[in-house]
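Colleague: Here is my input, please return the structure:
(chains A and B)
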Amino acid sequence: MVETVFESVVSTHHGEIFRYLRRLAWRATEADDLSQETFLRAYRAWPRLTPDANVRAWLFTIATNVYKNHVRSEKRRQAAHATVRATRTALDLDGPEEEAMAGEIRTLTQAAIRRLPLKQRLAFTMRKLHELDYDAIGASLECSPESARAHVFQALRKLRTTLNGHVQPLAESAR
Amino acid sequence: MSTRTTCAEIEPDLIAAATGEAGAAEAERVDAHVAGCPACRDDFARYHAIDATVGALRAMAPAAGDVEAARQRLIERLADLRSRVLGYRVFDSPLGPILIARSEHGVALVEYLGKRGVSGSRLFRLAGVEAHEDATGVDRFGRELMEYFEGRRTHLDWPLDLHAARSDFERAVLQATAAVPYGTVASYRGIAGELGKPSAVRAVAQALRHNPLPIVVPCHRIIGSSGDLVGYAGHRLGLKEHLLGVEGVATRHAGTPKVERRTLYHYEPNPSREYCLPTCGDIARRPIGRLFATREQAEAAGLVPCTSCHPELHPLPS
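Modeller: Next up is the predicted model:
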């Protein structure tokens, strides 16, 4: 019976947890490994989860911990920076200029998100890309909802500084 | 002009308003400030642009094929893990702490922990098994076991996982033993005979010595054909006596502990399937077939009263 219920957890949440980890990780295969690890851990802990728990937030917490351990143990940052450089030089694509511009801004933004300090990056990704509430983010990061919000705002400040000159204010054309 | 918020003061509200995090009051303050501050208006626009780009990123999804492939691999690994995970809990009992572990197939281990504690459990020595404490999955079994100890339950109708048995023969012995009902005693020789291997008496005893599911696979109901209790859980014959006592099977100590045959109904295979009083001929001195604590148990096994000793007319004192 436990098994059937867990199957529905997988079918409901796997896609989103995979997307979350795909945003954090550098390669699709990494996201694959990390999402498997997340759900295998979840399966082991499932019998101890209280019936009224928020399963989605709980899975984000596990995924976040899995990712943090991954970062810690694998020392991937070095390799990560190399990938950013590769991504940026590979950017000169053909195509309509505007499309290319928008695409480049998205890529630069993604790269800037990836260079955020870990906690800011996790908080920002959960809040802005998965729209979790600050209670859930705080639980995932073992901090208060207020600190979670502060991490997100700090991340936005940093993105603005990094992207200055790349991201043109939308209002400018209207002025 | 002196009541106007400074740029530093408005900044958090400005970020919130530009990125959809602000309430009405914050938004109003920001509107009032940017109306008179071009620099902050420009900042607002930049944050807003970042928010729009992030919105576009939010809508971007990895290739559906990647997600589906990952999900398939996950389902395979879960199936593998599932077959190896045992959930367990330790229950207090009149016989000391007892650990019960279950797999997805059923109860896989019942263990008297004695003074060893959980860490000494054989659960952690089973190859390829992952053990996790399980708050709810084994509750029912613990509860029913307590009812059994209190004499309020005569059936433990549990799904069993016999994967821990070391051979098909052991598995067959455990299954034959599981079929011996409450308040009934059989012999190792009898079980060997039932399995079509009458000479495998020692092998039957060995298999029951390694019984991973004591109590629910009631090896305490299997004894030597002379009535000696023989062995249980290492050298803890006291446990065997206790369990037989719960089920109304009396024992006595005459050198070695024995069942008290004079207080039990006897059955030896016979064509008319009759059970007898222990005083019927020399039945109580011959090798044990089956013994029953009560007439009801004998008759539930499909037996009828003997037509010469008439146990129905002269029942044993209960």
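Colleague: Going by C-alpha atoms from here, please, whenever you check contacts or count neighbours.
Modeller: Will do.
Colleague: Just give the nearest non-adjacent residue to the residue in the stretch 51-200 of chain B that chain A sits nearest to, would you?
Modeller: Minimum separation of the stretch 51-200 of chain B from chain A (CA to the nearest CA) falls at B:R58, amounting to 4.9 Å. Nearest residue to B:R58 in three dimensions, chain neighbours excluded: A:L129, at 4.9 Å (CA to CA, 6 or more residues apart in numbering or on different chains).
Colleague: ok now do the one you found, which residues does it touch?
Modeller: B:V54, B:G55, B:L57, B:R58 (CA atoms under 8 Å, 6 or more residues apart in numbering or on different chains).
Colleague: Now render those residues as a markdown table, adding pLDDT, neighbour count and secondary structure.
Modeller: Converted to a markdown table, the contacts of A:L129 look like this (pLDDT from 0 to 100; neighbours: other CA atoms under 10 Å in any protein chain shown; DSSP: H, G, I helix; E, B strand; the rest coil):
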| residue | pLDDT | neighbour count | secondary structure |
| --- | --- | --- | --- |
| B:V54 | 92 | 20 | helix |
| B:G55 | 90 | 15 | helix |
| B:L57 | 90 | 17 | helix |
| B:R58 | 89 | 16 | helix |
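Colleague: got a pLDDT number for the residue nearest to B:R58?
Modeller: We have a pLDDT of 94 for A:L129.
Colleague: now A:E104
Modeller: 84.
Colleague: State the distance from the residue of the stretch 51-200 of chain B closest to chain A to B:Q175.
Modeller: Going from B:R58 to B:Q175 by CA to CA, to the nearest Å gives 57 Å.
Colleague: One more: B:P271?
Modeller: For B:P271 relative to B:Q175 (CA to CA), the value is 25 Å.
Colleague: got it, and A:F124?
Modeller: A:F124 is 58 Å from B:Q175, by CA to CA.
Colleague: Looking at the two, which is more packed in?
Modeller: A:F124 (26 against 14; other CA atoms under 10 Å in any protein chain shown).
Colleague: how about the nearest residue to the more buried one, chain neighbours excluded?
Modeller: That would be A:V152: by CA to CA, 6+ apart, it lies 4.8 Å from A:F124.
Colleague: pLDDT below threshold where in the chain?
Modeller: Using chain A here. Scanning chain A with the threshold set as pLDDT under 70 gives A:1-4, A:75-99, A:165-175.
Colleague: that's the wrong chain, I wanted chain B
Modeller: B:1-3, B:135.
Colleague: What parts of it come near chain A?
Modeller: With the criterion set to CA under 8 Å from any CA of the partner chain, chain B comes near chain A through B:12, B:15, B:42, B:45-50, B:53-58, B:61-62, B:66-67, B:70-71, B:73-74, B:77-78, B:81, B:104, B:132, B:134-137.
Colleague: try it again with 7 Å
Modeller: B:45-47, B:49, B:53, B:57-58, B:61-62, B:67, B:70-71, B:74, B:78, B:134-136 (CA under 7 Å from any CA of the partner chain).
Colleague: Among the residues you listed, which are located in helices?
Modeller: B:A45, B:R46, B:Y47, B:A49, B:T53, B:L57, B:R58, B:V67, B:A70, B:R71, B:L74, B:L78 (DSSP state H).
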